[in-house]
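Student: let me see the structure of the following:
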Amino acid sequence: EIGDGTTGVVVLAGALLEQAEKLLDRGIHPIRIAEGFEKAASVAISNLGDIADVVPFSKDDLEPLVTTAMTTLSSKIINVDKRKMANIAVNAVVGV
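Tutor: Purely as a prediction, here's the structure:
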């Protein structure tokens with residue numbers, strides 16, 4: 001099952017906090033820990049371009065965006081109405 005990543009984000013945040021606690025126990029200042037997290041985030045962001053996928057779409061063909069949105073809705077309670085909800089989301093984003 002592929003979702004929007006919310007569970008993965010919570011698990012990752014928990015693991016980061018667990019590691020931060022270990023660093024605090026070793027006497028490392030919280031500012032240093034935060035700086036380390038910021039540096040790690042910068043490295044991760046700089047690598048996103050290398051691993052990202054391009055989803056080509058046009059104003060006349062929004063189906064690739066709808067399909068992508070449907071993927072993120074697959075694990076949610078609205079799974080039965082995911083096409084309808086995906087269309088609403090895509091139209092809202094495109095309309096801005």
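
Student: can I assume L23 is in contact with I31?
Tutor: No - taking contacts as C-beta atoms under 8 Å, L23 lies outside contact range of I31: 11.5 Å. Using the backbone N, CA and C atoms, a C-beta is placed for each residue, glycine as well.

Student: who's more crowded, these two?
Tutor: Per other C-beta atoms under 10 Å, whichever of L23 and I31 has more neighbours is L23, with 14 against 8.

Student: where does the more buried one fall, phi/psi-wise?
Tutor: For L23, the backbone dihedrals are phi -70, psi -40 (criterion: degrees, to the nearest 10).

Student: for the host helix or strand of S42, buried residues please.
Tutor: Applying DSSP states H and E as the criterion places S42 in helix 30-51. Using 16 or more other C-beta atoms under 10 Å as the burial criterion, the residues of helix 30-51 that qualify are I33.

Student: which residues does the helix or strand following that helix contact?
Tutor: Next helix or strand after helix 30-51 toward the C-terminus (DSSP H and E): helix 63-73. With C-beta atoms under 8 Å, 6 or more residues apart in numbering as the contact definition, helix 63-73 has outside contacts at 2-4, 55-57, 79, 82-83, 85-87, 89-90, 93-94.

Student: out of these, who's nearest A13?
Tutor: D4 (15.1 Å; C-beta to C-beta).

Student: what's the average pLDDT for the helix holding S42?
Tutor: What helix 30-51 shows for mean pLDDT is 95.
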